[in-house]
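Here is my input; please provide its structure:
(chains A, B and C)
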Amino acid sequence: MPLSYERYMNLVFHLNSVVEPVPQEISRKIVFGAVSPVVTVTSNADLDQHVQDCYGMDSLYMLLRHFGDCVSDKDQAESDEEDGEQSHEHNTDQSSLKPTSTQQGRKRTNSLFQRSSSRFLRFTRPLTDLIGTRESHDLLFDYHSLEVFLQHYLSFVEQKTTPKTPHVLLQHSLYHKFFTTAISSTTHLSPYESFNHPIASLLALDISKGQNYETARELLVTFKNMHNHTLHFPSFININDVLPVFLLCYEDNSREQFETCNSLAKMLKKQLFVESILLPCWSVDKNVATRALNQPVMSSLEETMLSMMKNERYSLPLTLVENIYDRITSFLDELLIPFMKRKISFWEETILQPRKSIFPNSKFFRRLMAKNPAPAANNDSATHNSQGLAYFAATSNEFLLRKLADWSFMLSDFKTAYSTYELLSRDFEGYPEYLAPCLEWCAFSVLMGAQSIVTLKMIKSDIDPLIVRALKSYELSANKAKERNAIINSQIIAATNSENSGKASSAEKAHSAGKKPVGKISSQSATALTPHQSAQSYETRCMLMAAELFLSLSDTWTATPYAIKYLETILDDCTIGSLSQIVIWERLAYCYALKVDPRMKSKSSSNDNKGTEVTEKQVDDVEVPNDAESDDDLQPYDHKLEQDCMASMGLTRKRKSTLFRLIAAKKWAKARQWRQASWSYQDVESMYSHLGFAQRDNSILQRLRREIESHES
Amino acid sequence: MPCYFAIIGAKDNPIYEAEFTNPQLNQFPPELKELNPFILHASLDILEDLQWQAHPQSGASTGTSGGFLRSRSSANNSNCYLGKIDHFYGLAITGYLSYGNMKFVMIHSGNTNSGLPVTIEDGPVKSFYQEVHELYIKTLMNPFYKLNEPITSPVFDSKVRTLAKRYLTK
Amino acid sequence: MSHKIINPSTSVAQHPAPQGYDYTIGPQQTLPDLPQSMGPSSASTFASTGISTTGPSAASAASSTNLASGPSVYSSSLHPLAHTQQVSLAAYAFLFQEMVAQARNASKSVAEIELRLHRHGYHLGVRLLELLNFRSSVNASSRSAFFKTSTAGPSSTSATVSSSAPSAQLHGYHSHGSGDAAGATAAAAAAAAADDGHALAHSISHMKRRDLTMVEILQFVHSTVWTYLFGRPSDDLVKSSDRDNEFMIVDHAPLLTRFISSTNVQCDFFVCGVVEGVLDSACFPCAVTVHSVPDDKFPEKAVFVVRFESAVLEREALRA
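Next up, the predicted model:
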């Protein structure tokens, strides 16, 4: 059985799997996980206290968040027994035990693109919390904290491994960790896309504490009136588009509580029209098998950092883990997905269909329509916030269409997603902030949906231009934001004293130069800067994802140049930390390694160990002349030129790949990440081993070797 | 503009290397200098790709680079001089193949101050390669020289440098 | 033949001058023999010292006199007319006989003799590929220019290049063995020009194409190489009907073995070596064997069978 998604993403906890191949379609799974439906968990004080008492976690949310990601894998329930101890002691012989124990597990949904519905989920804090923290960080990701995260993660990896640990998969895992964190490190609610907007909300009740219908009703009322009571409730969220579901927690072996739950569930459905899930959350028996929980793959950077700092892993009873997975699966299948489908078809009928008939697919009409009524309509539905930004309200047709597309994407209906994004992109012409993500996801839905039939022509004429246009729009919106900032800044300057304004403008200047000293920013400019930065971070995300999706295409020869292009652009233009840069250098090396002519693929496997073969040959060569000298060339054809494989000449980019890995190794060494440096060096070594120039005493390779040797081993 | 020139043998081994720099004005920064042989080595992938293309100069599928910045002079049928084959962060790399498929490659660096990409003047560079090619054949005419072995002759070295001076410095 | 005994003349040991390339150290920096400043100022420096910068020959001649005490390979011309075009058949046969005899004396078996001959040929082939292609690039116009510019000069330095090579001087055979007067003067003139270090490449506008397919490169062997070695193209070039990777070069009367009657040892293995050398260094790895196929008309008819490695076929399929 192949390595599961979550296991791979937490590979450093599962060191017995490090020799397995990279899971198939991993990048697509990550993208899928990154846009999976968001479910908020609303709990109450009693319940949270109960959770804390029983399982040592702060709240119900803290418990449930471990069960997000690829729900259908039920990964945490499946992990075998050794795995629990794995975190404390890891010996290599466990790898032999592993296959037998996973064999009996259920079949994994590896082909998640068989048009089946999404099986990924993300849990977040209650919506009110999300809104409360929204304004302070408007970024998709903050490269500084990303850097800190990488630093921590790397030192963690270093603790867990030795230079001799097989590192190939670990390095991939590291990149994907970085990738995941970069593309979805926040629960930030963007006005321009709806991926992070909650789709369902779990309202939890603790039956064992005697909470009843009244509590439930109160919770629901609070939930439904949230937009009236919450300060700064964003206009782009419609509470009516969020599905409330009650979660009734009861004691496992109490028949009585189970009965109570059942009757309460019926009542809630009848009177409040809300479904419930029954979860046997509490168990009296303390001596059951437990499972250590992984950190969820898709969680915000702050939360990941927090748990990383604490460095603790929670364990739950196995029965509870299985119960939770069962409930979540049924919640997904019976409530969430049907709800999304209902909404989608409703929007399709009410918005999409009428539009399609008004705008028939003829150019003439479109031009005609675009001239007059469309802009007027747009102006009507756009509302403005305090900073003068145009927002489409949650009920506007534009935003509903966007939501329709996003949700279709989540449910792997890439065809609908694509056509809707395309339709929308015409509406958004005047709004670069909206246009950019729209184009971006338009391209992604092709890349995700048409994985095997993407041709060079499609990439050239369709996908790449879309991404380029998206990037341009991001740039445009960044510039727009910059201009706005300039205005706001000048207002600040007018308002505050000269010292402060000097600081702000210097920060602004430094920023435009591409290097922003984080510490220097004064509080005023911090808020003023964000929209601009925000667009930039989205731009980076767009390029990262595009690169990764290009790499996942089957024809790597045609697709890798595009991936390389975007990664290089990130290195050149985007503000990211130095560790992130090294990770991208490594990825570039991988891209080049993937650039193999499809016709050579069958051969490449046999050529993989060419490096070592060559060295062996070299050894022979050194010995042969001595013999030959003595009995005067008995070796047949020793004068013949040696040649490498003729056919594959020029159809791979192995040397390029090695160069980039070498550069990465050099940079790792510079960043004093010796474990990573030595791993990269090991990859590089075999390629250069037979080349005289690399063996020179003053060559970079030898210098690296000495440096690494002095720090490792 | 500093250049780094190498002749690469069949086994990726350089049989001759030279740096054409001016000690006062333009040198390779030390960071780059040590990477130079590796950058050239990496370009061999693309060189080998072009090596077997019937029309290497018009080849669109030359990977991430190449393709553009080729002048019209390359419209003729010749496939020894390949023009700009690769680039690496502001450096341009040109290539030339001898009939015995010795790879003549060179890194051209622009002015270190201006971050502009280097433009290659195909004419002089091509002449340089052709004359070095001739020198190489003369070396090969020496019966004691073995194919793929380093060319250690100081005469060769000085002649190559004279050529570099004539064609590559501006 | 004896290149294992004699130290290579190109090695550093014989030239203590530090300018040569040393592969253990890496590239030398800067441009020696040049003023430190570049650009227009350098031109003026040259002008002031009385050396014209536009005359490359002067500069290179100066440097070569500094570095090399005697004539070196670099001071001879590669021009086809720079050296005597023809060798008498007698000398040709004598040299070949000596080579065979040497191989015979040093070997224990027939196969070893053949291998030795093969090796001699191989080294020749590797050089011929580069040289003959380069010469073909020197087009007609530059050839006439060559005659015009050549003046009388010392002819003593001619023919140093190939005379030291055991086999590189096996030029074409003509029935009137001694060169005619015109040829001799041309050779002398060419040698004079060559002494100047005149670079032929300078006048080449288009280099000849490299051969990319099996047929192209075989045609080069069949015509150019054969003409250079034996004064005429080979008699036939045939593709095997059975195997895709097999080609045959037919010679009705091999020149080299004309005076060798014994068929114990296939002395044509020397030619196999040449062909293999050409093809191998052009990146068409192959094995060449020779078979004598006497028929009524041509009792000495020999067939050279070229078997390319499968990778060559594969490459051609990929690049088609």
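
Would you quantify the distance from A:Lys595 to chain C?
15 Å (C-beta to the nearest C-beta, to the nearest Å). C-beta here means a position set from N, CA and C on the backbone, and glycine is covered the same way.

pLDDT score assigned to residue 124?
Just going to use chain A. For A:Thr124, the pLDDT comes out at 83.

should've been chain B
B:Pro124 is given a pLDDT of 87.

Now do the contacts for residue 130.
I went with chain A, as the question did not name one. Shown in contact with A:Leu130 (C-beta atoms under 8 Å, 6 or more residues apart in numbering or on different chains): A:Thr40, A:Thr124, A:Thr187, A:Leu189, A:Pro198.

should've been chain C
C:Glu130 neighbours (C-beta under 8 Å, 6+ apart): B:Ser98, B:Tyr99, B:Gly100, B:Tyr136, B:Ile137, B:Leu140, C:Ser281.

Strands of chain B, start to end?
B:3-8, B:14-20, B:81-88, B:91-97, B:103-108 (DSSP state E).

Quick one: the ones you listed as JSON lines, columns for mean neighbour count, mean pLDDT and distance to C:Ala91 too.
As requested, the strands of chain B are exported to JSON lines (neighbours: other C-beta atoms under 10 Å in any protein chain shown; pLDDT from 0 to 100; distance: least, C-beta to C-beta, whole Å):
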{"stretch": "strand B:3-8", "mean neighbour count": "26", "mean pLDDT": "90", "distance to C:Ala91": "35"}
{"stretch": "strand B:14-20", "mean neighbour count": "24", "mean pLDDT": "88", "distance to C:Ala91": "34"}
{"stretch": "strand B:81-88", "mean neighbour count": "24", "mean pLDDT": "86", "distance to C:Ala91": "39"}
{"stretch": "strand B:91-97", "mean neighbour count": "25", "mean pLDDT": "90", "distance to C:Ala91": "36"}
{"stretch": "strand B:103-108", "mean neighbour count": "24", "mean pLDDT": "92", "distance to C:Ala91": "37"}
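
do you know which of the ones you listed lies nearest chain A?
Evaluated over the strands of chain B, closeness to chain A peaks at strand B:14-20, with 5.5 Å, by C-beta to the nearest C-beta.

where does chain C dip in pLDDT?
By pLDDT under 70, the low-scoring segments of chain C are C:1-19, C:28-71, C:139-198, C:262-263.

all strands of it, in order?
C:236-239, C:246-251, C:286-292, C:302-308.

Pull out the buried positions in the second one.
Okay, so that is strand C:246-251. Within strand C:246-251, the residues that count as buried by 16 or more other C-beta atoms under 10 Å in any protein chain shown are C:Phe247, C:Met248, C:Ile249, C:Val250, C:Asp251.

if we take the residues you listed, which one ends up nearest to chain A?
Checking the buried residues of strand C:246-251 one by one against chain A (C-beta to the nearest C-beta), the nearest turns out to be C:Phe247, at 16.6 Å.

phi, psi of the closest residue to A:Ser552 other than its chain neighbours?
Sequence neighbours aside, A:Ser27 is the residue nearest to A:Ser552 in space, at 4.6 Å (criterion: C-beta to C-beta, 6 or more residues apart in numbering or on different chains). Main-chain dihedrals, A:Ser27, degrees, to the nearest 10: phi -70, psi -30.

from what I can see A:Ser27 touches A:His176, true?
Yes - using C-beta atoms under 8 Å, A:Ser27 is in contact with A:His176, at 7.4 Å.

Measure how the lengthiest helix in chain C sits relative to strand C:286-292, angle-wise.
Ordering each helix of chain C by length in residues (DSSP state H) puts helix C:110-137 first. Interaxial angle of helix C:110-137 relative to strand C:286-292 (axes from the mean of the first three to the mean of the last three C-alpha atoms, to 10 degrees): 110 degrees.

buried set for helix C:110-137?
Here helix C:110-137 shows C:112-135, C:137 as buried, counting by 16+ other C-beta under 10 Å.

For stretch C:237-255, measure first residue to last.
17 Å (C-alpha to C-alpha, to the nearest Å).

Could you check how far B:Pro143 is from chain A?
14 Å.

how near is that residue to C:Phe270?
Going from B:Pro143 to C:Phe270 by C-beta to C-beta, to the nearest Å gives 15 Å.

Then C:Gln97?
From C:Gln97 to C:Phe270 the distance is 12 Å (C-beta to C-beta).

Report the mean confidence score over stretch A:571-589.
For stretch A:571-589, the per-residue pLDDT averages 87.

Does A:Cys261 lie in a helix or a strand, and which?
helix A:255-267 (DSSP states H and E).

Which strands and helices lie in contact with that helix?
On a contact count with 3 or more C-beta pairs under 8 Å, 6 or more residues apart in numbering or on different chains; DSSP states H and E, helix A:255-267 meets helix A:213-224, strand A:243-251, strand A:276-282.
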